[in-house]
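Asks: Fold the stuff below for me.
(one chain, ligands or ions: 1)
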Amino acid sequence: MKRTLVTGANGQIGSDLVGRLRREQGPDAVVALDITPPAAVNGADMGHHVEVADVRDRSAIERIIRAHDVGTVYHLASLLSASGESQPDRAWDVNTNGLKNVLDEARAHELTVFWPSSIAVFGPDTPKRNTPQETILNPDTMYGVTKRSGELLCRYYHRRHGVDVRSVRFPGLVSYAAPPGGGTTDYAVDMLRAAARGVPYTCFLRPDTRLPMMYMPDALQAVHRLMDADPAALSVRTSYNLTAFSLSAEELATAIRQRIPGFAVTYAPDTRQQIADTWPASVDDAPARTDWGWAPTFDLDAMVDDMLDHLRERTDEPKRG
Ligand code: AKB
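Replies: Numbers count the residues shown, from 1 in each chain. Got it, this is the predicted structure:
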């Protein structure tokens, strides 16, 4: 049996994706890799395999792929946009060389790869509304530069070496299992968490900052559909545009206030505002819909309801220890 390797397994997407893969394939089929050990319990108790390694270390990645007889890699390990601006050298190294290591291993071992790109590939000169699949791609951040370079690497390895690597340009992702860290769209999760705890929130973006967003169950659904698709149907081998809904910080605050009257939000934009200002307000994801049947199921209201339900459950949980 070929196993599935998830890098960046402790991160925002990884935490949810590992759970979904365990349910679909069985715990023994899943190998969760991260640069730090998982927080909760030791790997053996989780049932799936756990590896601690740095994606920049190709020999470690190769050893893990051989040891677990890996057939598919979900390569999620990455620094996000705000972290990338504070640590640009590390962002280049982890994001670009980490991806190249995985693609080289995919070529050597005939692996299928999923790799997330981002709306960060777009820049200040990209059309802001309904941003098309094929458009101007001049990112202003190191994160965006690594994602755009990564997209070109993916297409190169597919065309030149036949590597089956598939990718989507994720918008901001909202989820409750593991918090995001170091991103620009993190404010949405932070605001919902504050609301569920009953504390006021200071937003690091302006109230009118509108960005494309998606709830995690839809993100996982997209990954599943894309990885299941007939390779012949995939017309995009850089990365597919993808969106669910667009949202401003003020609109999120209003949606929360409809459920939690009196929830207080103040605005103190910081350097992340400059990043957000270079990203689109909405994205056209027609090729993903046509090629592999992408269709989101959560809109803003459904997402806010579900997030608050789950976050409140967690807040209500009796503290252990
Ligand atoms: C970030 O804000 O950096 C990420 C992204 C949009 O890729 N969430």
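Asks: who's in contact with the closest residue in space to residue 185 that isn't next to it in sequence?
Replies: With sequence-adjacent residues excluded and distances taken as C-beta to C-beta, 6 or more residues apart in numbering, residue 185 is closest to residue 172, at 2.6 Å. C-betas here are computed from N, CA, C, even on glycine. By C-beta atoms under 8 Å, 6 or more residues apart in numbering, residue 172 lies in contact with 119, 183, 184, 185, 186, 188, 211, 212, 213, 214.
Asks: And residue 212, by the same measure?
Replies: Listed by C-beta under 8 Å, 6+ apart, the contact partners of residue 212 are 119, 171, 172, 243, 244, 245, 246, 247, 280, 281, 282, 283.
Asks: Next step: these restricted to strands.
Replies: If you go by DSSP state E, the contacts of residue 212 have 172, 245, 246, 247 in strands.
Asks: Please identify which of the contacts of residue 172 is nearest to the ligand.
Replies: Using C-beta to the nearest ligand atom, residue 183 is the member of the contacts of residue 172 that sits closest to the ligand, with 2.9 Å.
Asks: quick one: the closest one and residue 125, what's the gap?
Replies: Distance of residue 183 to residue 125, computed by C-beta to C-beta, to the nearest Å: 22 Å.
Asks: So, low pLDDT: which residues of the chain?
Replies: 40-45, 316-321 (pLDDT under 70).
Asks: Tell me where it has strands.
Replies: Assigned by DSSP E, the strands in the chain fall at 3-7, 30-34, 49-52, 70-75, 112-118, 164-170, 172-174, 201-203, 210-215, 240-241, 245-248, 265-267.
Asks: Contacts made by the third one with the rest, please.
Replies: Going back to what we said before, that points to strand 49-52. Strand 49-52 is contacted from outside by 3, 9, 28, 30-38, 42-44, 64, 68, using C-beta under 8 Å, 6+ apart.
Asks: just to revisit the earlier point, let me have the contacts of residue 172 in CSV, adding distance to residue 145 as columns.
Replies: Putting those into CSV (distance: C-beta to C-beta, whole Å) gives the following:
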residue, distance to residue 145
119, 14
183, 16
184, 15
185, 18
186, 20
188, 24
211, 19
212, 20
213, 23
214, 23
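Asks: Sort out which of those are buried, if you could.
Replies: Buried members of those, counted by 16 or more other C-beta atoms under 10 Å: 119, 183, 184, 185, 186, 188, 211, 212, 213, 214.
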